[in-house]
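**Student:** here is a sequence together with a model predicted from it:
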Amino acid sequence: MSGTLSPIDKAKFVAAKRAVDYVEDGMKVGLGTGSTAAWMVKCLGEMVRQDGLKITGVATSTRTAELAQKVGVPIVTLDEAKWLDLTIDGADEYDHNLNLIKGGGGALLMEKIVATASDQMIVIADLSKQVETLGSFPLPVEVIPFGWQTTKALVEETLVNLDVLGRDASLRMNGATPFITDEGNYILDLHLRRIGNPRQLSLVMNQIPGVVENGLFIDICDVVVIGNGDGSVEVRDINNGTVAHEQIDVVETDNLFVDIAD
Ligand SMILES: O=C[C@H](O)[C@H](O)[C@H](O)COP(=O)(O)O
């Protein structure tokens, strides 16, 4: 199959293509989840197949593991890898401090474990993910199924004392049944509209019994690569304070149009 990338796919693709420049021979790489991360896995697959790049990947979801296998990126478990050089992942929102909301695809738990076990985390995104203040995107909170309604009530009650605008939590559904994460849990989506203090919110959420993890990534991301539909990218590095603008060559080979997981 071949075709022309839509502007949004091109934005995701160029962000991914620029981010894989950070990957070097011998590295252990965390592989994110989602439609943007899928492009990154495909780019790495091409580098492995065509350039003989030698890397080991750790997947953040079963669907990323399946895609990695399909495109030829060798996968091990996090326990086998122990520590990673780099994780590349998408995000649902990022702010100017490179704090993130993640988990729109339900993979936040493994994503946070893998990113935290990495020397560096690079987020790939298009400009639509950029926000002044986190919270327009509903914050995913992973909870264990046992007593989830009690956990939901506790979460909503706790939000009353926090700097947020909305306080409703909804159980994420998959058709008529609850959405189940790879780890067998449920997701509550918190409709907060504005998160005034993401660090505090993250700490408080994770103290509620039944909450496994929340989708706020605070001080975890080092670099964001923002792709645009015209093939340009912006690379922001929070540690050294640099911002670079570049143009990425997009050669639309048939390989690009191999079916991807998301
Ligand atoms: O659980 C899913 C992940 O956090 C994704 O990385 C996030 O939802 C962004 O996905 P996409 O690149 O498809 O917008």
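**Tutor:** That came through, no problem.
**Student:** who's in contact with the residue nearest the centre of the chain?
**Tutor:** The centroid of the chain falls nearest to Gly90 when counting by C-alpha atoms, centre = their mean (3.6 Å). Applying C-beta atoms under 8 Å, 6 or more residues apart in numbering, we find Gly90 in contact with 12, 32-37, 102, 123-125, 129. (C-beta placed from N, C-alpha, C; glycine too.)
**Student:** do me a favour and average the pLDDT over whichever helix in the chain runs longest.
**Tutor:** When the chain is parsed with DSSP state H, its longest helix is helix 35-51. Helix 35-51 carries an average pLDDT of 97.
**Student:** ok, now stretch 13-26?
**Tutor:** Mean predicted confidence for stretch 13-26 is 98.
**Student:** and if you look at stretch 112-127?
**Tutor:** The model assigns stretch 112-127 a mean pLDDT of 98.
**Student:** for that stretch, buried residues please.
**Tutor:** For stretch 112-127, a neighbour-count test (16 or more other C-beta atoms under 10 Å) marks 112, 114-115, 117-118, 120-126 as buried.
**Student:** near the ligand, which residues of the stretch 1-150 of the chain show up?
**Tutor:** 32-37, 89-92, 102-108, 111 (C-beta under 6 Å from any ligand atom).
**Student:** from these, which ones fall inside strands?
**Tutor:** Secondary structure from DSSP state E places Asp89 of these in strands.
**Student:** only the buried subset of the residues of the stretch 1-150 of the chain next to the ligand, as a ChimeraX command please.
**Tutor:** If you want just the buried ones from those in ChimeraX, going by 16+ other C-beta under 10 Å, the selection is:
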select :32,33,34,36,37,89,90,91,92,102,103,104,105,106,107,108,111
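**Student:** picking that back up, and the longest helix of the chain, C-alpha only, in CSV?
**Tutor:** Extracted in CSV, the C-alpha atoms of helix 35-51 (Å, rounded to 0.1, in the frame of the first residue of the first chain):
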residue,chain,number,x,y,z
SER,A,35,-0.3,6.6,17.3
THR,A,36,2.8,8.9,17.6
ALA,A,37,5.0,6.3,19.3
ALA,A,38,4.0,3.8,16.6
TRP,A,39,5.8,5.9,14.0
MET,A,40,8.9,5.8,16.2
VAL,A,41,8.8,2.0,16.5
LYS,A,42,8.5,1.8,12.7
CYS,A,43,11.4,4.2,12.2
LEU,A,44,13.5,2.1,14.6
GLY,A,45,12.4,-1.1,12.7
GLU,A,46,13.8,0.4,9.5
MET,A,47,17.1,1.4,11.2
VAL,A,48,17.4,-2.2,12.5
ARG,A,49,16.5,-3.8,9.2
GLN,A,50,18.3,-1.5,6.8
ASP,A,51,21.2,0.0,8.8
